[in-house]
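any chance you can model this:
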Amino acid sequence: MVQLTEMDRNVSLTQQLEDAGGPVLLVNKFDVAGDEVDQFLAAWADDAKYFKRQPGYISAQLHRGIAGSCVFLNVAVWESVDHFRDAFAKPEFRDKLSHYPSSAVASPHLFRKVAVSDVCVA
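A predicted model of the protein is given here:
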């Protein structure tokens, strides 16, 4: 079963799920033991297939740290916090958490684009 830990020590994912609006970017950092990477990838793929079927899902991409790293980064785009919260709260998804290896630690957090003058738009 995956262990969930907060990415931000001041704002919890639970607090973020109370927000309204969108779109939002889910960034979820996973730490996994090297001998459990295959189990992690199978569990993540199963989750991703579930999320792809949910209303408001736009896209997802999994990244792995280089040079033998066992740190993974999931980046997913959702139309709104409401859509993500609804998908995240369903028993079908919650049951999938038990498929992750015991070493897996996940740090999910929601983000929105930030406009920075002369650099990027929101």
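
for this protein, what helix or strand is lowest in average pLDDT?
Lowest mean confidence among the helices and strands of the chain (mean pLDDT, DSSP states H and E): helix 91-96, at a mean of 89.

the helix or strand that that helix is followed by packs against which elements?
Downstream of helix 91-96, the next assigned helix or strand under DSSP states H and E is strand 105-111. Strand 105-111 is packed against strand 3-4, helix 13-16, strand 24-31, with contacts defined by 3 or more C-beta pairs under 8 Å, 6 or more residues apart in numbering; DSSP states H and E. Heads up, the C-betas are built off the backbone N, CA and C, glycines and all.

what helices or strands is the second one leaning on?
Looking back up the chat, that one is helix 13-16. Partner elements for helix 13-16 (3+ C-beta pairs under 8 Å, 6+ apart): strand 105-111.

distance check, the residue positioned nearest the centre of the chain against residue 118.
The chain has residue 28 as the residue nearest its centroid, 3.6 Å off, counting by C-alpha atoms, centre = their mean. Per C-beta to C-beta, to the nearest Å, residue 28 is found 31 Å from residue 118.

report the buried residues of the longest helix along the chain.
Counting by DSSP state H, the longest helix found in the chain is helix 37-52. Across helix 37-52, burial judged by 16 or more other C-beta atoms under 10 Å covers 37, 39, 40, 43, 44, 47, 51.
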